[in-house]
Every structure is written in C-alpha cells, then in structure tokens.
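Novice: fold the stuff below for me.
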Amino acid sequence: TNNTCTTATTSTINAGTYYVKATAATNTNYNAVTSGCVAYKINKANSSITLTAKSAAYTGAAITANAAKVTGTTGRVTYTYYTNNTCTATTATSTGASAAGGAPKDVGTYYVKATAATNTNYNAVTSGCISHKITAKSVAVTWTGATTYTYSGSAHAPTAAVTTGVTGETMTVTRTTGTTAKSYTSKASCSSVTGGRAKCSNYTLTSNTKAFTISKATPVITINNAPTDYFNSTKTFTATVKSGSSVSVNGTLGITSGTTTVATLSPSTISMQATSAGVGSSGIVITPKATGTSTITVKFTPSDTTNFNNATAKTFTAKVDKTGPTISDLKIKGEIWCNDIYWIQAMGVSDVGSGLESDKLNFGRDVSLTIGGTPITNIKKSSGTGSQSGYNCSATASCKQWVSDHPLKNGITISDFSKNYFIYVSNDTGTNVTNPTGASTIVISASALQDKLGNKSVKTTIYGPTFSSSATTGSCAKS
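Specialist: Numbering: from 1, shown residues only. Down below sits the predicted model:
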C-alpha cells in the first residue's frame, strides 16, 4: 500500500493506488529474482441514476420529487429544482420554496435534477432535467338557498361556499347573480384565500355552477265597495292594485262590462302605479241601463312585461233593477228652538226580507244632520230603555241618561228601524252646553236607502222637542 513496498495488503478490491513486487523462484540453473516496487491503480466505477417526472396536486406543503433510483454509488442523493426546462434557473422562495432551488409549494410547471454523491468505489452521478408539476387542488362548491325567486329589483342567486381542505387556508368565493326575471346559471369563483400561501391560483373549483330562476311578479287586484244588491242608480267602486313585488310598476287598469245594455262603466281605463303596499284607483262609476245582470271585469296590465305578469282579473256581478221607483234622498225636516232632543220614531220597514237585517247605515256617509245650517257630527243614543215623560230634557237628571253612542253614528241595522231613538246634540263629552238652534234636517241618502232597503217602503216619524209645564221658559214650547 506504499511506494516502498514495505506495507503489504491482502485485498485489492476497492478503488485506489497500490504497489506490487513480482518474485521468480530459483530453479536448477537460475537463481531467484525480485522486481522493483511498481505502482498500479484500481479506478472508481461509474454510477447510473434514473429520475421520473412527477405531477401532484397542491397540498399547501412543499412537493418533493420522486425518489431517484441509483446504481453504483451509495452517496447521498440531493435534488435541485428549477423553473426552466434547461435547469439553469433555480426556484425562488416566491414559489414557496424554503430556499433557492428548494422544493416548491405553489401550482406551476417546474423541473428537477437529482445528484448522487461519490463513494469509495463509484463516481458521483447527476440526472437529466426532469419535469416536476404541481396542479391546482380541486375543491367542490357547496350551494345553499333557494333556486326560485320572484322579481324584486334586487340581485338574486343561491349562496356558494368552499372548504379548502388545506390547514390554515380559507377561501372566499363570489358568484354571479341575476336581477331581471328569467333563467340563469350562477358561476362561483375564488375571490380570495387567507392564510397559508393565500393564492386562488392553487385551487380549481368543481360543481361551480348552479341554475336558478327569477320569476315575474304578479300584481294583485282588490275591488272595493262593489254593489252586492240590486240597484237602479249610479254606483261607484274602486280597485286597489298591489305590485306583487317590493318595487312599483306602472300599468293600466282596464274595466269592462260584460253586458253594456245592462250597465256601462266610466272610465274604462285608468293609468296608475301599483306599489308593494297597494294603490287605490279613482272612482269607477257604474251606470244602470236596463234590468238584468252584467259581469264587471277588472284587469291590470303592467307596462314592464319583462318582470311582471298581468294581474289575475277580478270580477263581480252588477245587478240592475229598473222596475222599481227612482228614489231621492230622504229628508226629515224640523226645528230645534231651545232644547237639544230629536226623537226619530218607528223607521219601520215593511216586509224586510232575508238578509237585510244585518245591513247598516253609517252616520256621515249615509246619514247627515244639520241644525241652523251647522253640520252636526256628534250624535248620541239613549242608554236607557224606558220612555222619557214629555221628552223634557232641560238639564234634568233623567236627561243625562241619553248620552251613549247613537246607532246612526256607528251603523244602524234594518231591525233598528222599528225602535225609537233620540238624537242628542252636544259636545264630545256629552254634557249640556249651548247648542245650535234653528231649522234642522236629517238626510238619509237615496243610494243608502236603495242599497239597504231595495224597493221596500219606509215610514218615519220625527218629533221636535216638547215640554211639560215645568220645562224651561215659554219660548221653548215652540217645536
């Protein structure tokens, strides 16, 4: 093992430089002989290395190359990563590598070389420049919420959410929405990622579309004050239209009479804006023409046909009876001289008929009272049940029982017409005060009588104040 050939070895397997002496033994004719100390070498053998391409999905951690297969050397194998296919530009830390040339984390196409170090008997070896890909991680979108909406002027779409499955990374997604009434497909996309590498490019979304529909809103019509009984004088009703949406819509209210020989309408169209809360139309007048029935139809057609349906038409039957008499307002005239009681007696209805008992007359709408030209709005009814002797109500104790609400104020039923009522003119507290005097008129409107009584007869007797000898001064005796 040395160049003086003084240290011998019995093994010459490993690579290295050795020395040798050759000795020829003596024979019959020759002496033995030994050569000089001569050098000889055993060279290291070459190694081979195989590295295969790799493709793996993003995990948030560094993606290392496949393990190289080495024949020969048993030296340490190291890997260097690059961003070009000639393996001259090493990866930077911006790829998630811990150092230049380190294994990357982010999605991209990279390249790698593996190098096996030399050992005693084999030379070092380096692989070729091999492809190394990191692909985006697939994550499924979860859709929640409704898929059918009604037009409201606001944007709609189901809600989209994603769980990344990568520790420490949270994704926020956005999705496309729709506003006008039609069918849509919402598409979800990554808006941002927080934590970890914080890059949308490291993910790809699956199940990222969802179909949904925004339906047209449908306005709703309500008919108000449509006549239900037979009539032979003009009637007025209105219609309220709600848009069926949180936004308003302009449109046209159309009103038709199915049989114009029985009843006609004015106006036949009304332009109006339907709101979410509802808007009432102006008055629609029905003019009776002949005895019979006619179907009255009310429609609403919105101007925005993209986002609104036509309203469902509403109908009612107009019943005209031209055979009965045409009546005028019922005027009951009298005089208040110095006291404050009227007595309406026996407003009787002959042959009342089925269903009329629940009809009502309303003070202010159907019934009015004026005294001395002054409209009277506060009417009281007796709370007692007995008669009042002489009807003398000049601040006596018995007078003060007649102060509860009169039915003419809150609605009088047909059956009430057979009873006696006092109209007590006072202030709102029901106490005796200075009251208006002079000519007085109670008016029950013709339309109310026609509506409530049809063609039944009405008998009314009214009494002005009458007084006993113990009443107030003589001038009060005038009635």
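Novice: after the host helix or strand of Lys210, heading C-terminal, what element do we hit next?
Specialist: Assigned by DSSP states H and E, Lys210 belongs to strand 209-215. Per DSSP H and E, strand 209-215 leads on to strand 220-224 as the next helix or strand towards the C-terminus.
Novice: now do the buried residues in the helix or strand following that following strand.
Specialist: The helix or strand immediately downstream of strand 220-224 is strand 235-242, counting by DSSP H and E. For strand 235-242, the neighbour count (16 or more other CB atoms under 10 Å) marks Lys235, Phe237, Thr238, Ala239, Thr240, Val241, Lys242 as buried. (Glycine included, C-beta is placed from N, CA and C.)
Novice: what's the closest of these to Thr78?
Specialist: Distances from Thr78 to these, taken as CB to CB, are shortest for Lys242 (77.1 Å).
Novice: thinking again about what came up before, what does the strand holding Lys210 contact?
Specialist: 141, 143, 146-151, 156-158, 160, 175, 178-188 (CB atoms under 8 Å, 6 or more residues apart in numbering).
Novice: do the same with stretch 255-268
Specialist: Contacts of stretch 255-268 with the rest of the structure, by CB under 8 Å, 6+ apart, involve 239, 254, 269-270, 282, 284-299, 318, 320.
Novice: before we move on, the earlier item: wait, which of the buried residues of strand 235-242 is closest to Thr305?
Specialist: Val241 (15.7 Å).
Novice: and that closest one, what does it touch?
Specialist: By CB under 8 Å, 6+ apart, Val241 lies in contact with 219-222, 251, 253, 272, 274, 278-279, 281, 300, 311.
Novice: show me the beta-bridge partners of the residue lying closest to it once chain neighbours are set aside.
Specialist: Taking CB to CB, 6 or more residues apart in numbering, and ignoring the residues beside it in sequence, Val241 has Ala274 as its nearest neighbour in space, at 4.1 Å. Beta-bridge partners for Ala274, by DSSP bridges, are Val249.
Novice: surely Ala274 touches Thr252?
Specialist: No: assessed by CB atoms under 8 Å, Ala274 is found out of contact with Thr252, at 10.5 Å.
Novice: name the residues contacting each of these two.
Specialist: Common contact partners of Ala274 and Thr252 (CB under 8 Å, 6+ apart): Phe300.
Novice: isn't Ala99 right up against Thr93?
Specialist: Yes: between Ala99 and Thr93 there is a contact under CB under 8 Å: 6.9 Å.
Novice: name the residues contacting each of the two.
Specialist: With contacts defined as CB under 8 Å, 6+ apart, no residue is shared by Ala99 and Thr93.
Novice: now the strand holding Lys210: buried residues?
Specialist: Lys210, Phe212, Ile214.
Novice: host element of Arg197?
Specialist: Using DSSP H and E, Arg197 sits in no helix or strand.
Novice: what distance do you get for it to Thr174?
Specialist: Arg197 sits 20 Å away from Thr174, going by CB to CB, to the nearest Å.
Novice: comparing the two, which residue is more hemmed in?
Specialist: A direct count of neighbours by other CB atoms under 10 Å for Arg197 and Thr174 places Arg197 higher, at 18 against 14.
Novice: any figure for the gap between the more buried one and Ile134?
Specialist: Arg197 is 11 Å from Ile134, where distance means CB to CB.
Novice: overlap in contacts of the two?
Specialist: Shared contacts of Arg197 and Ile134 (CB under 8 Å, 6+ apart): Lys105, Asp106.
Novice: and Thr90, bridged to which residues?
Specialist: Here Thr90 sits in beta bridges with Tyr82, as judged by DSSP bridges.
Novice: the chain should start at 37 in everything you say after this.
Specialist: Happy to do that; since the first residue is 37 now, the last one works out to Thr126.
Novice: what's the PyMOL syntax to select whichever of the contacts of stretch 291-304 are buried?
Specialist: Those of the contacts of stretch 291-304 that count as buried under 16+ other CB under 10 Å are selected in PyMOL with:
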select buried, resi 275+290+306+320+322+324+325+330+332+334+335+354+356
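Novice: in strands only, show me the contacts of stretch 291-304.
Specialist: Counted as lying in strands by DSSP state E, out of the contacts of stretch 291-304, are 275, 290, 305-306, 320-324, 328-335, 354, 356.
Novice: narrow the contacts of strand 245-251 to those in strands?
Specialist: Among the contacts of strand 245-251, DSSP E puts 177, 179, 184-186, 196, 211, 219-224 in strands.
Novice: which of those count as buried?
Specialist: For the ones in strands among the contacts of strand 245-251, a burial check counting by 16+ other CB under 10 Å picks out Val177, Trp179, Tyr185, Thr186, Ala196, Arg211, Tyr220, Ser222, Ala224.
Novice: kindly reformat these as CSV and extend each row with distance to Thr124 and pLDDT.
Specialist: What follows is these, written out as CSV (distance: CB to CB, whole Å; pLDDT from 0 to 100):
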residue, distance to Thr124, pLDDT
Val177, 40, 98
Trp179, 47, 98
Tyr185, 57, 97
Thr186, 62, 97
Ala196, 43, 98
Arg211, 43, 97
Tyr220, 50, 98
Ser222, 46, 98
Ala224, 40, 98
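Novice: how about the strands of the stretch 37-186 of the chain, start to end?
Specialist: Here the stretch 37-186 of the chain has its strands, by DSSP state E, counting those that start in this stretch, at 52-56, 59-60, 69-70, 74-78, 84-86, 90-93, 105-107, 113-118, 144-152, 161-162, 166-171, 173-180, 184-186.
Novice: can you show me the CA trace of stretch 80-91 as PDB?
Specialist: Extracted C-alpha coordinates of stretch 80-91, given in PDB (Å, rounded to 0.1, in the frame of the first residue of the first chain):
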ATOM      1  CA  LYS A  80     -13.800   4.100  -9.400                       C
ATOM      2  CA  ALA A  81     -16.600   2.700 -11.500                       C
ATOM      3  CA  ASN A  82     -19.300   5.000 -13.000                       C
ATOM      4  CA  SER A  83     -22.800   5.100 -11.300                       C
ATOM      5  CA  SER A  84     -26.200   5.500 -13.100                       C
ATOM      6  CA  ILE A  85     -29.300   7.400 -11.900                       C
ATOM      7  CA  THR A  86     -32.900   7.400 -13.000                       C
ATOM      8  CA  LEU A  87     -35.400  10.200 -12.100                       C
ATOM      9  CA  THR A  88     -39.000  10.100 -13.300                       C
ATOM     10  CA  ALA A  89     -41.300  13.100 -13.900                       C
ATOM     11  CA  LYS A  90     -43.800  13.900 -11.200                       C
ATOM     12  CA  SER A  91     -47.300  15.600 -11.200                       C
END
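Novice: low-confidence stretches in this structure?
Specialist: Applying pLDDT under 70 to the chain flags residues 48, 360-515.
Novice: report the two of the ones in strands among the contacts of strand 245-251 separated the most.
Specialist: Val177 and Thr186 (24.9 Å).
Novice: between the strands of the stretch 37-186 of the chain, which one is closest to Thr203.
Specialist: Among the strands of the stretch 37-186 of the chain, the nearest to Thr203 by CB to CB is strand 173-180 (12.5 Å).
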